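Enquirer: Coordinates only, no sequence provided:
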């Protein structure tokens with residue numbers, strides 16, 4: 001059975017509108033919409049050779065290229081206990097977590113946010129590597145190889161990773 005010609009003309013604009021609406025919805029769920037998962041990478045990781053047999057510090061930059069913030073909840077290492085610290089008004093204090101903003105970075109550097117290693121199982125020496133695992137809420141852990149540098153080492157370009 002054949003459809004009336006007028007009926008076909010009326011459905012063409014509706015089909016075009018539905019196609020446009022579907023394309024608009026698809027565009028809303030694209031990578032720039034802000035609802036993509038965190039996309040994490042680490043750069044500039046290092047540990048100055050500890051001067052103490054029981055404590056050390058670690059520094060790195062975590063970059064999030066995803067559209068959703070990531071929450072760093074803990075760091076683990078077989079080297080000892082690792083906690084997150086921040087320095088505010090020259091006073092160091094422990095943090096329970098730290099946010100890596102969407103399309104942003106979280107920097108751990110000397111004199112600011114840093115990793116604190118305590119109760120060391122051994123004292124790492126310059127040239128060695130320490131492995132740490134960064135744990136995030138809602139996403140898998142990230143393993144980082146942290147080279148041990150001279151106690152006086154300071155990165156030439158900071159910790160931006162760029």
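Expert: It's in. Remember, predicted model here, so these are calculated numbers, not experimental data. Residues are numbered from 1 along each chain as shown.

Enquirer: can we go C-alpha only for contacts and neighbour counts from here?
Expert: OK.

Enquirer: Now do residue 122 against residue 36, distance only.
Expert: 40 Å (C-alpha to C-alpha, to the nearest Å).

Enquirer: Which one's more surrounded, those two?
Expert: residue 36 (16 against 12; other C-alpha atoms under 10 Å).

Enquirer: Name whatever forms a beta bridge with residue 88.
Expert: Assessed by DSSP bridges, residue 88 has beta-bridge partners residue 91.

Enquirer: hmm, I was thinking of residue 108
Expert: Under the criterion used (DSSP bridges), residue 108 bridges to residue 60.

Enquirer: can I assume it is in contact with residue 100?
Expert: No. Taking C-alpha atoms under 8 Å as the definition, residue 108 is not a contact partner of residue 100, at 11.3 Å.

Enquirer: Once you drop chain neighbours, what's closest to residue 142?
Expert: Among residues not flanking residue 142 along the chain, residue 134 sits closest, at 5.1 Å (C-alpha to C-alpha, 6 or more residues apart in numbering).

Enquirer: After the lowest-mean-pLDDT helix or strand in the chain, which helix or strand is next?
Expert: Lowest on mean pLDDT, DSSP states H and E among the helices and strands of the chain sits helix 5-28, with a mean of 40. The element immediately downstream of helix 5-28 (helix or strand, assigned by DSSP states H and E) is strand 40-48.

Enquirer: Now do that following strand: which elements does it pack against?
Expert: If you count contacts as 3 or more C-alpha pairs under 8 Å, 6 or more residues apart in numbering; DSSP states H and E, strand 40-48 packs onto strand 55-64, strand 139-149.

Enquirer: ranking those by burial, who's on top?
Expert: strand 55-64 (a mean of 22; mean count of other C-alpha atoms under 10 Å).

Enquirer: And the contacts of that one?
Expert: By C-alpha atoms under 8 Å, 6 or more residues apart in numbering, the residues outside strand 55-64 that reach it are 38-50, 70, 100-110, 114-120, 146, 159-161.
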